[in-house]
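Colleague: Sequence below, structure please.
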Amino acid sequence: MQVERVCIVGLGLMGGSLALALRPFLAHLTIIDSNPETRTAAQELADVVTGDLAEGVKEAELVILATPVRTILRLLTQLPTVRPDGCLVMDLGSTKAEIGRVMEALPGSFAAIGGHPMCGKETAGFAAAAADLYRGQTFVLCENGRTTPQLTAIAYEIIETIGANPLLLPSQAHDNMVAATSHLPYLVSAALMQTAAAQNDDQLWQVSASGFRSTTRLAGSDPQMLLDILLTNGTAVLTQIEAYQTQLDEIKRVLTNGDEQELADWLEKVKKSHNKYRSSGV
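Modeller: Predicted coordinates:
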């Protein structure tokens, strides 16, 4: 690889999976994590394992930030102090516009690029990490004012190495898209979960089947991760909530009218949209 010394900050699901996937191709891997148990679990994976940011980044060619979004933002502001000579920086955060703005404020000794692998699990932590998590998945890259052609090439090489598929997007376009395809689905799943739970009847779960399990799967996601996502992409998420509410209002109107043909037409339109999505190959 073009870089030999990589430091991954945050050994949760995403950072841990990246570390497992890249380890065979790196001459030197440093792991930084605040959790002592995670550091213990990572001892055999990395050459250096530490909880100290300054110690971890001091000799890295590339620092990859794989923490929750607001922690990424805080770490970016600390990097010029702990690594004044600069380095290459990449992140795995779920929102990109705000991260991109903070990356652009880094000194000229830094080169930075935003990244977001479009994959994951409901279970968080290093114990859930897997070397093949990224294989066959879309990996979004978002350039900014601190992105260099060399760093973009390195990011593409990393994505190829872990078996993912690169997609270059502007940061705001990315945030608008994931608000519709990722953040809104979580909120819909969460709202459905709470709607059912509000019935306060344990027998309800006995009559729930695969449809309910599938639709509420995202409600089991890590609350801290979602908190950061929703607070750093609020405007786009609110826009998608309004669009979703429009769809709910429409189906509510159709059901209220009791027009069988209109309801059949609406259901058929939904099925066609779903067929188009499934045929896209994702």
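
Colleague: Can you tell me how far the closest residue to Gly56 other than its chain neighbours is from Met225?
Modeller: Excluding its sequence neighbours, the residue lying closest to Gly56 (C-beta to C-beta, 6 or more residues apart in numbering) is Ile32, at 3.8 Å. From N, CA and C alone the C-beta is placed, and that goes for glycine too. Using C-beta to C-beta, to the nearest Å, Ile32 is found at 18 Å from Met225.

Colleague: quick revisit: how many other residues sit next to the residue nearest to Gly56?
Modeller: Burial of Ile32 is recorded as 29 neighbouring residues (other C-beta atoms under 10 Å).

Colleague: give the contact list for it.
Modeller: Shown in contact with Ile32 (C-beta atoms under 8 Å, 6 or more residues apart in numbering): 7-10, 50-53, 56-57.

Colleague: pLDDT weak spots in this structure?
Modeller: Within the chain, the segments meeting pLDDT under 70 span 282.

Colleague: Check the secondary structure at Ala112 for me.
Modeller: With DSSP: H, G, I helix; E, B strand; the rest coil as the basis, Ala112 sits in strand.

Colleague: give me the number of residues near it?
Modeller: Counted with other C-beta under 10 Å, Ala112 comes out at 28.

Colleague: OK, contacts around it?
Modeller: Applying C-beta under 8 Å, 6+ apart to Ala112 gives the contacts 76, 88-90, 103-104, 106, 144, 146-147, 151.

Colleague: for the most centrally placed residue in the chain, what are its contacts?
Modeller: Geometric centre of the chain, nearest residue: Ser94, 3.5 Å, by C-alpha atoms, centre = their mean. With contact taken as C-beta under 8 Å, 6+ apart, Ser94 is in contact with 69, 116, 178, 182, 225, 228-229, 233.

Colleague: again, 10 Å this time
Modeller: The contact partners of Ser94, taken as C-beta atoms under 10 Å, 6 or more residues apart in numbering, are 14, 68-69, 72, 116-118, 120, 174-175, 178, 182-183, 225-226, 228-230, 232-233.
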